[in-house]
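J.: Generate a structure from the sequence data that follows.
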Amino acid sequence: MNRNVPTVYTRAFIHRVFKPALWRWMGNARAARLTDDEFRGFFPYKRDAEGFIRGFHDSARLRFFYHPRNQKDFFLQLLTQSQPHEDILTDARDVASHYYEALGSGRTFLGEKINWRRDFKSGKEWPLRSLTAAEIIDAGNNSDIKLVWELNRFHQALWLGKAYWMTHNEEHARTFRSLVEEWIEQNPIGQGPNWFNAMEAAIRACNWIGGYYFFCESKSLSHEFWTLFLKSLTAHGLFIESHLEYSKRNGNHLLSDIVGLITLGMFFRSAEFGRRWLTKGTEMLQEEMEHQVYADGVNYEKSIGYHRFVLELMYTALILCRKNKVSLGESFNRRLERMLEFTLAYTRPDGSVPNVGDADDGRLFRFSAREDFNDHRHALSIGSILFKRPDFRAASGPFHQDALWLLGTEGFEEYQRLKGDSPATGSRSFADGGFYIMRSSDAVVFADVGDLGMRGRGGHGHNDTLSFELWSDGSVLICDSGTFVYTADIKARNEFRSTAAHNTVVVDGTELAEFSSLWAVRTDETDPRVLTWSTGPDKDILEAEHSAYMRLPSHIMHRRRFEFTKGSFSLTITDRLEGTGSHSAESYIHFAPGVSLRLASPQKAIARKGNTEYIISASAGEFSVVESWYSRSYGVREKNQTLRLSLAAILPIEIVTRIERAISH
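T.: Now for the predicted structure:
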């Protein structure tokens with residue numbers, strides 16, 4: 001090993017322990033004491049307040065995705081095609097009147113004055129001081145720090161900005177100013193939950209910058225306000241730089257930090273610290289693309305929701321860098337295109353996506369308060385323009401609002417030129433990531449035959465090796481249970497990521513891996529291996545095995561074979577448990593809400609979805625129907641039904657389960 005290159009543990013120690021300690025000792029106080037005159041001295045502009053702000057506006061005006069010059073009729077017409085005019089105004093009115101909805105909270109009044117440190121769902125308020133991880137998680141209570149952080153990410157700045165451009169009503173600019181000033185007053189640098197980690201500071205900084213480009217020409221915002229605003233953004237960048245979230249397995253937190261640094265670096269490019277952040281951020285991002293994304297384009301956290309979030313971070317940085325003539329390199333571009341190809345492959349004909357792994361509905365930019373977090377076609381809309389891919393365009397459907405804000409009317413014109421190809425509908429394998437997609441004209445099977453995620457840590461992956469989802473006849477038939485919540489209900493958190501919450505086999509009541517924390521397993525011993533993969537016009541076959549149960553005294557190997565018949569749909573699943581002795585086993589099949597189940601015999605069940613019935617039969621064991629929970633998005637859950645096949649047998653044993661379409665009325 002090159003002795004000049006720090007080990008993973010050394011780098012994590014430097015960035016997670018040493019640098020934050022230095023920040024608490026010196027950096028925090030320095031950032032807080034920075035005077036207006038000292039701040040203006042970092043830049044090559046006039047030193048008086050008015051001249052400085054005018055100089056900053058002039059130099060920064062074209063560094064972002066959009067600017068007030070985009071306020072043209074054609075741009076605004078495209079905007080209202082993707083979001084109705086009245087919805088834009090309603091979102092802004094809710095922000096101004098302090099109504100907010102996120103993560104299953106329902107539309108909630110936040111009070112005459114917003115408490116930025118309060119979980120508005122449980123009422124828990126975090127104190128204004130440096131906080132530990134245990135204090136943030138607040139185990140045993142129903143508080144959820146994610147609700148605090150979601151509010152403080154300041155997506156509202158974009159909702160206000162859109163209404164401002166549509167109406168030219170200065171009240172929206174004054175609301176933006178009021179929210180920012182209140183936030184700065186209530187959240188002194190380095191204190192409280194909103195300065196707990198760099199990720200939240202980075203996402204907030206990106207959205208503040210987005211707000212800046214909506215309101216930078218407003219006559220209602222003074223030079224004094226903009227100086228306060230820019231100083232706080234600088235403090236955000238210094239904080240991020242001192243709290244980079246390196247760990248044994250880097251994840252989306254570090255990527256958020258990096259994209260925040262890049263965005264702030266581009267924004268403050270006229271100052272030395274901005275150029276430093278930009279250089280550092282682009283170097284780190286290229287490194288993390290190679291580390292966190294497999295060569296086939298699958299994010300290694302093994303979550304479809306987080307794949308979308310990481311993809312958004314990556315393409316946002318690329319677009320910003322391209323606009324400012326900064327290269328991230330061809331290797332970065334190629335892997336980003338592979339990420340989009342994976343997104344294309346898992347997106348089903350109705351636009352829905354598999355609910356595999358954690359899903360916390362996180363976004364860097366939420367351009368609308370109303371969106372379906374389980375629809376990733378906006379990414380394909382953007383990807384089609386970036387890589388001139390007609391297949392991405394065909395799958396994305398209409399031109400999406402995200403693409404308009406990031407790529408402008410020029411992006412729309414390129415989008416219109418990309419015609420001719422229909423989206424790929426064939427079966428695909430993503431062997432590095434461990435995901436296989438079997439497709440026919442009216443059914444899609446998404447199979448997870450990979451490890452638990454993050455190369456053994458687990459992270460945002462679940463205990464779901466050899467599990468699957470089935471989409472059939474226009475909607476989901478067999479589903480993954482989802483996520484529900486993190487810290488608000490730790491028991492539910494573990495239940496939703498448990499083996500039994502997925503469509504796979506549990507042996508002797510044993511988890512595939514024991515949980516060591518809310519986002520980690522003690523050890524991942526699945527060691528999955530794909531034995532057979534073949535795809536053809538009539539049938540796909542996938543066979544794989546895992547070793548998680550080899551740690552049991554009888555050393556049990558679980559092998560599963562999927563046989564997907566196209567045309568007249570059927571899915572045959574053959575489970576073989578290799579080992580010795582007598583054991584119990586349960587095989588679970590979770591059905592989507594709205595699907596009803598009834599038992600026809602101990603080894604036969606009927607699932608009904610709309611006017612279509614499906615017959616599920618088993619070669620051994622006994623079926624039972626159990627009530628269960630399904631979570632389609634964070635903080636929300638609803639009842640569904642699960643088919644459980646139970647048996648006790650002497651190993652080895654083979655169990656054949658068949659799912660076939662019966663009658664359409």
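J.: Any chance you could list what contacts stretch 520-534?
T.: Taking C-beta atoms under 8 Å, 6 or more residues apart in numbering as the criterion, the residues outside stretch 520-534 that touch it are 429, 431, 434, 436, 449-453, 456-459, 463, 465-466, 512-516, 540-548, 550-551, 559, 561. For every residue, glycine as well, the C-beta is placed using N, CA and C.
J.: first to last residue in it, what's the distance?
T.: With C-alpha to C-alpha, to the nearest Å as the measure, the first residue of stretch 520-534 is 33 Å from its last.
J.: ok, now stretch 564-584?
T.: With C-alpha to C-alpha applied, stretch 564-584 spans 27 Å between its terminal residues.
J.: How about the backbone phi and psi for residue 657?
T.: Dihedral angles phi and psi of residue 657 (degrees, to the nearest 10) take the values phi -120, psi 130.
J.: Show me which residues of the lengthiest strand in the chain are buried.
T.: For the chain, the longest strand by residue count, based on DSSP state E, is strand 636-650. For strand 636-650, a neighbour-count test (16 or more other C-beta atoms under 10 Å) marks 636-637, 640-645, 649 as buried.
J.: which among the contacts of stretch 520-534 end up buried?
T.: 429, 434, 436, 449-453, 456-459, 463, 465-466, 512-513, 515, 540-548, 550, 559, 561.
J.: Which of the residues you listed fall within helices?
T.: Of those, none are assigned to helices by DSSP state H.
J.: can you pull the contacts of residue 364?
T.: Under the criterion of C-beta under 8 Å, 6+ apart, the contact list for residue 364 reads 203, 206, 256, 259, 309, 312-313, 316.
J.: where exactly do the helices run in the stretch 251-400 of the chain?
T.: Assignment of helices within the stretch 251-400 of the chain using DSSP state H, counting those that start in this stretch yields the ranges 252-267, 272-292, 304-323, 330-346, 377-387, 390-396.
J.: what about the closest residue to residue 64 other than its chain neighbours, which helix or strand?
T.: If you skip the residues right next to it in sequence, residue 64 has residue 213 as its closest partner in space, 4.7 Å away by C-beta to C-beta, 6 or more residues apart in numbering. When secondary structure is defined by DSSP states H and E, residue 213 falls within helix 198-215.
J.: try residue 66
T.: Here residue 66, judged by DSSP H and E, is contained in no helix and no strand.
J.: In contact with it, which residues?
T.: Contacts here follow C-beta under 8 Å, 6+ apart; on that basis residue 66 touches 213, 405, 408.
J.: Please repeat the previous calculation with a cut-off of 6 Å.
T.: Taking C-beta atoms under 6 Å, 6 or more residues apart in numbering as the definition of contact, the neighbours of residue 66 are 213, 405.
J.: any idea how far it lies from residue 90?
T.: In this structure, residue 66 and residue 90 are separated by 22 Å, where distance is defined by C-beta to C-beta, to the nearest Å.
J.: same deal with residue 465?
T.: Taking C-beta to C-beta, one finds residue 465 at 44 Å from residue 90.
J.: do residue 314 as well
T.: From residue 314 over to residue 90 the distance is 32 Å, taken as C-beta to C-beta.
J.: Between these two, which is the more surrounded one?
T.: With neighbours defined as other C-beta atoms under 10 Å, residue 314 and residue 90 compare such that residue 314 has more, 26 against 16.
J.: Run a quick neighbour tally on the nearest residue to the more buried one once chain neighbours are set aside.
T.: Using C-beta to C-beta, 6+ apart and skipping residues adjacent in sequence, the residue nearest residue 314 is residue 336, 5.3 Å away. Using other C-beta under 10 Å, residue 336 has 22 other residues around it.
J.: do the same with residue 577
T.: Around residue 577 there are 21 residues (other C-beta under 10 Å).
J.: what's the helix or strand for it?
T.: According to DSSP H and E, residue 577 maps onto strand 570-578.
J.: where exactly do the helices run in the stretch 101-250 of the chain?
T.: 133-137, 145-152, 156-167, 170-186, 198-215, 223-242.
J.: tell me how far the last one is from the chain's mean position?
T.: Looking back up the chat, that one is helix 223-242. Taking C-alpha atoms, centre = their mean, to the nearest Å, the mean C-alpha location of helix 223-242 is offset from the chain mean by 27 Å.
J.: Which residues belonging to it are considered buried?
T.: Neighbour counts over helix 223-242 (16+ other C-beta under 10 Å) mark 225-242 as buried.
J.: ok, now the fifth one?
T.: For helix 198-215, the buried set under the neighbour-count rule, 16+ other C-beta under 10 Å, comprises 198-215.
J.: what do you get for the shortest one?
T.: Taking 16+ other C-beta under 10 Å as the basis for neighbour counts, the residues of helix 133-137 that come out buried are 136-137.
J.: Centre of the chain to it, how far?
T.: 22 Å.
J.: cool, and stretch 12-26?
T.: When distances are taken as C-alpha atoms, centre = their mean, stretch 12-26 is centred 28 Å away from the chain's centroid.
J.: Between the two ends of it, what distance do you get?
T.: Where stretch 12-26 starts and where it finishes are 20 Å apart, if you go by C-alpha to C-alpha.
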